[in-house]
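> A structural model of the following input is requested.
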Amino acid sequence: MPALVAFNRKWRVGSDDFVFPGVISVFIRIAWLGAAAIVYGTQRKLLKCPGGDVLEIYHIGLLSWLVITILLESYMVRVSAKGSIANVEPRRYFPKLLYLRLFIFILEMGWSALGAYWVFREIETNDEMETCDESVILLVRATVVCSWVLLLLVLLGGLLLLSPWKKPGQRDTHQDTHQGDVDDALMKSTQLRWERRCKWLCCCVGSDENTQAAYTDIANLLASLFYGLDVVISDIAAGLILLRSEQQQQCASITSSAASTPGHQATTSPPCLRKPTEPASSHVADAAHFLKYAGSAYGYLFYLFENLCCGSCKLCGFYRCCGGCRGGKLDRHDNCCECNMAVIKKVNNLDKEDVVYFSYHNRIYEIPFFVAIDDHTKSVVVSIRGTLSFKDALTDAVAEAEKIEVEGQEMYAHKGILQSARYIKRTLEENQVLEKAFHKVPDYKLVIVGHSLGAGAAALLSVLMHSKWPKLKCYAFAPPGGLISHEGVLFTAPFVLSVLYGEDLVPRLGLGTLETIKEQLLDVVRRSNTPKHQILAGACRRACCCVPDRLPVHVPEDRYTVRDHIESSDTSSTELVNKNDPVTQDRTSYTDERIDIEGTERNLQEVTRQLYPPGHILWVVESDVIESGCCRGGEPIYQIKWASCREFSQILVGPRMVADHLPGKLQRALDQLTENMPQVGGPGHETTNPHA
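Okay, here's the model as predicted:
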């Protein structure tokens, strides 16, 4: 940090990113030098033949260039290892070394080209004359080929690291009147770059109207988020490692001093619902049951991923080979054997007649879902698939807030997921899916479920359909953190239950938390005096050898820390709700109301566009795990508890933040909790409503 600037281009790496590549290159060249020297030393006598002088000259030149290159790259590694990520002053002359290395590289290329001409062309033209032994010629030719392979690899690596964008021009500080125009031009240029990157990355998605609009929205969002940010990928990786170390230090500090040194509260804490008084365990059985519906919506490829050994065998009795040819196929987007339908029937123990509607159609803002009748819980279940394609990822990325009005309430929601919820609602209404289902089972209840993107769509679909189906229930498993505004959180409290697991990244992910972690990354990188290669090497050592890191990170006492979020789990912390619990009162409009959060008065309009997970939150955590370094042993023991949105208002950096998002981990945890709680009834049992 900042990115390396050379040849009037910004590179995709920094000047401190050449340590590991340089060391690898030096070792390869040392090995190559040793092999070439052995060949020259053992075969030198055989080169005393017609044409052998040419081969000897090439070999001596090759050895000389290898020695020069090894010395130069060793010095480049030494310079690249100096300073820290933010302190580039000790590496200020690195671009000049890069220019020198390019000059040596060009000479190497020229020498290799000359050697190839001598060995392949000139020797062949003298085939009629007496020449050196054929084995010697073949050995030298192999040396030339290997040299070319090494040079081409270096050339390819350089081209990959070189950014296609020119270095941005410097602003004229004396032309203040034009500074706004310059900013606008740079922002527009940045947006166009991101839009081209999105189109290139998702070239196979298509180019319909929704896709083009999504590209533009995503580009505007990314340009705003990363505008003026001069970092490279390795800076982000090192920053995440440092941030993880800092968060661990803060957690340890909180644990040791919680009794005597209560931390200050953050003035940016989000408003949260009051935690229900009923036990969280009363919802475990239903959550475990309906998560199977949410997980099965991912289809057979995801099922095979989670059941690598015998997944296909388990589905044998549920396939319908050539079902598309025989007719009766529910969805033309499923394959000929209806493998996705087979997963739905297998996982949820359903007959085909129980599946009322099934769509595997997938485009931007249009995600797969199915509707099934669940006799076990007497429910009509709408299950929505989560992110599984580039199109779904684009839907996730359109994360700006869009205003909606439901039952007289104004709220904001994630634009991309809201569009998906509207598509599902429109599809259900046009095909009268729910009406047909409830015609068969009029006494059943409506349950909407989903995981990840599907959880967000399920929650927003519940909001859109609540006026028509006021008794519906929604189970949102690992929904996106930036889903709905606080008015929507209050609105969804009676009928939406979010179920989260461990350190899952997605429920903590939103525009606000992304902006926060960006600032935290920049801050921790600036404060760190540790060279980047030591940070990355320490992380690799910990991952591979179970050796704990010891990264010095200075944490100022007055700095906003993770303490502000962890302490929110204390039941004594202030949680914002309407002065009367919203579940016992009719909903009212809060847009003009002034409230007090943590002793600081705010206008709710200031936080309207901040988005949170929907409804009440159940959080499944590991309460007891046998650990040995980085190696985990034994079966974890799980605990489930009510949580507030404040506990998910900061991204926790760690190796589990992605793995904990997989539905299989949450399913195993809920199944274990269900087995250990025999006093709780089976799925579908009546429980005390926390809002009644």
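
> alpha carbons only for contacts and neighbour counts from here, please
Noted.

> low pLDDT regions in the stretch 1-150 of the chain?
The stretch 1-150 of the chain contains residues with pLDDT under 70 at 1, 43, 45-52, 54, 119, 121-134, 136-137.

> now do the strands in it.
Secondary structure of the stretch 1-150 of the chain, counting by DSSP state E, counting those that start in this stretch: strands at 3-6, 9-14.

> among the ones you listed, which is the most enclosed?
strand 9-14 (a mean of 20; mean count of other C-alpha atoms under 10 Å).

> ok so, going back, got CSV for the strands of the stretch 1-150 of the chain, with distance to residue 23 too?
Converted to CSV, the strands of the stretch 1-150 of the chain look like this (distance: least, C-alpha to C-alpha, whole Å):
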stretch, distance to residue 23
strand 3-6, 19
strand 9-14, 16
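
> out of those strands, nearest to residue 389?
Across those, the minimum distance to residue 389, taken as C-alpha to C-alpha, is reached by strand 9-14, at 26.6 Å.

> helices or strands up against that closest one?
Other elements packing on strand 9-14 under the criterion 3 or more C-alpha pairs under 8 Å, 6 or more residues apart in numbering; DSSP states H and E are strand 3-6, helix 134-161, strand 162-166, helix 233-257.

> and residue 185, how far is that from residue 192?
In this structure, residue 185 lies at 11 Å from residue 192, with C-alpha to C-alpha, to the nearest Å as the measure.

> and for these two, which residues touch both?
When contacts are counted by C-alpha atoms under 8 Å, 6 or more residues apart in numbering, the set common to residue 185 and residue 192 is empty.

> the two - which one has more neighbours?
residue 192 (17 against 12; other C-alpha atoms under 10 Å).

> where does that one fall, secondary structure wise?
Residue 192 is part of helix 179-201 when elements are defined by DSSP states H and E.

> ok, which stretches of the stretch 501-650 of the chain are strands?
With DSSP E, counting those that start in this stretch, the ranges of strands along the stretch 501-650 of the chain come out as 594-597, 600-603, 616-628, 631-643.

> how near is residue 366 to residue 526?
Applying C-alpha to C-alpha, one obtains 43 Å for the distance of residue 366 from residue 526.

> higher neighbour count, these two?
Just comparing residue 366 and residue 526: by other C-alpha under 10 Å the higher neighbour count belongs to residue 366, 21 against 15.

> quick check: closest non-adjacent residue to that one.
residue 420 (5.4 Å; C-alpha to C-alpha, 6 or more residues apart in numbering).

> any idea how far the one you found is from residue 369?
Look at residue 420 and residue 369: by C-alpha to C-alpha, they are 11 Å apart.

> who's more crowded, these two?
Set side by side, residue 420 and residue 369 show unequal neighbour counts under other C-alpha under 10 Å, the larger going to residue 420 at 26 against 23.

> pull out the buried positions in the strand or helix carrying the more buried one.
According to DSSP H and E, residue 420 maps onto helix 415-430. Of the residues in helix 415-430, those buried under the neighbour-count criterion (16 or more other C-alpha atoms under 10 Å) are 415, 416, 417, 418, 419, 420, 421, 422, 423, 424, 428.

> please apply the same query to stretch 187-205.
By neighbour count on 16+ other C-alpha under 10 Å, the buried set for stretch 187-205 is 187, 190, 191, 192, 194, 195, 198, 199, 202.

> now do the second one, the pLDDT please.
Per-residue confidence at residue 190 stands at 75 (pLDDT).

> what of residue 305?
87.

> for the one 3 residues further on, same thing?
Among the per-residue scores, residue 308 shows a pLDDT of 79.

> hey, where'd the helices end up in the stretch 351-500 of the chain?
Defined through DSSP state H, counting those that start in this stretch, the helices belonging to the stretch 351-500 of the chain, from first to last, are 390-397, 415-430, 433-440, 453-465, 486-492.

> mean pLDDT added to these, as CSV?
Supplementary listing: these in CSV, determined by pLDDT from 0 to 100:
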stretch, mean pLDDT
helix 390-397, 90
helix 415-430, 95
helix 433-440, 94
helix 453-465, 96
helix 486-492, 93
